[in-house]
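**Q** no sequence on hand, only this structure:
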């Protein structure tokens, strides 16, 4: 998975005759679910260009996440599908008797998060 970034989206810039002609995100950090478990606050910051046409990236494993975790919106991670217990957790929670689809989704979300 791509760890994302904070700051400038692009890490490489082509200049031609003093003008920016192309920008790309070449430098990035890839990580897996095990790394996310070890470093839940991991963030990648794109640093400012000094002399090169490449921006350096800074990997911070202890970044403070602003706001409370409960206030952040839930986002499903496709990588959860690869976890060996995902199908069991999902089907057990989803198959319980529910009064509405909203309730089923909410309870399943909580089971996945926990």
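**A** Structure's in. What do you need? Bear in mind that the values here come from a model prediction, so they are computed numbers and not experimental data. Residues are numbered from 1 along each chain as shown.

**Q** in this structure, where is pLDDT below threshold?
**A** By pLDDT under 70, the low-scoring segments of the chain are 63-73, 97.

**Q** that's a helix at residue 34, yeah?
**A** Yes: with DSSP: H, G, I helix; E, B strand; the rest coil as the criterion, residue 34 is located in a helix.

**Q** what helices or strands is the longest helix along the chain leaning on?
**A** Ranked by residue count under DSSP state H, the longest helix found in the chain is helix 101-113. If contacts are counted by 3 or more CB pairs under 8 Å, 6 or more residues apart in numbering; DSSP states H and E, helix 101-113 sits against helix 86-94. Where you see a C-beta, it was placed from the backbone N, CA and C, and this is true even at glycine.

**Q** for the helix it packs on, packing partners?
**A** For helix 86-94, where contacts count as 3+ CB pairs under 8 Å, 6+ apart, the packed elements are helix 101-113.

**Q** and the helix it packs on, which residues are buried?
**A** 104, 108, 112 (16 or more other CB atoms under 10 Å).

**Q** residues contacting the second one?
**A** Okay, so that is residue 108. 90, 93, 94 (CB atoms under 8 Å, 6 or more residues apart in numbering).

**Q** pipe these into a markdown table and attach distance to residue 3 per row.
**A** A markdown table is the format used below for the contacts of residue 108 (distance: CB to CB, whole Å):
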| residue | distance to residue 3 |
| --- | --- |
| 90 | 25 |
| 93 | 29 |
| 94 | 30 |
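
**Q** from the residues you listed, pick the one nearest residue 29.
**A** For residue 29, the nearest member of these is residue 90. The distance, counting by CB to CB, is 28.8 Å.
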